[in-house]
Structure formats: structure tokens, C-alpha cells
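J.: everything below, folded, please.
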Amino acid sequence: MTTNADQLERDILRVFRCACRQGRQDIAEFMLAALEKLDGQEERRPVRCRALIEAYQEIFDAAVHQAR
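T.: Residues are numbered from 1 along each chain as shown. Below you'll find the predicted structure:
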């Protein structure tokens with residue numbers, strides 16, 4: 001079952017990825033901050049914000065790709 005918070009996280013992640021692809025680091029940073037804020041507010045959830053983890057993974061993957 002998808003909650004409203006889960007859907008919001010997925011939507012923000014989608015915009016984050018779109019901003020990264022278009023080279024809009026300003027928007028990507030804003031979306032990442034939004035995911036971090038949502039994660040910080042969801043202390044009662046047993047699983048941390050999966051979308052935030054995916055965004056961090058995307059940043060890491062991009063950094064590794066650039067270093068090659």
C-alpha cells in the first residue's frame with residue numbers, strides 16, 4: 001500500500017532525476033533537501049526514506065562515472 005508520503009517521495013525523486021539529467025543542479029539540490037526533510041520527519045516509520053537512499057546512490061554513481 002502506497003501512502004501519500006511515499007507517493008510524494010517518489011514524485012520528488014522523479015523531479016530530482018530529471019533535474020540531474022538536464023544539468024539543473026540548483027533544482028536537484030532543492031529536491032534532495034526536500035527528500036532529506038521528509039526523511040527527518042518520518043522517525044516513526046520502520047524503513048527510512050527509500051527515495052532519499054536512491055537519490056544518494058545516484059549522486060554516488062555520477063561521481064564514480066565522472067572519476068573514470
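
J.: helices or strands up against the host helix or strand of Ala62?
T.: Here Ala62, judged by DSSP states H and E, is contained in helix 50-67. In terms of contacts (3 or more Cβ pairs under 8 Å, 6 or more residues apart in numbering; DSSP states H and E), helix 50-67 is packed against helix 4-21, helix 25-41. All C-beta spots, glycine's among them, are computed from the backbone N, C-alpha and C.

J.: low-confidence ranges, the protein, go.
T.: For the chain, the stretches with pLDDT under 70 are 1-2, 42-48.

J.: picking that back up, okay, the helices and strands packed on helix 50-67 in a markdown table with mean neighbour count and distance to Ile59 next?
T.: A markdown table is the format used below for the helices and strands packed on helix 50-67 (neighbours: other Cβ atoms under 10 Å; distance: least, Cβ to Cβ, whole Å):
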| stretch | mean neighbour count | distance to Ile59 |
| --- | --- | --- |
| helix 4-21 | 15 | 8 |
| helix 25-41 | 15 | 8 |
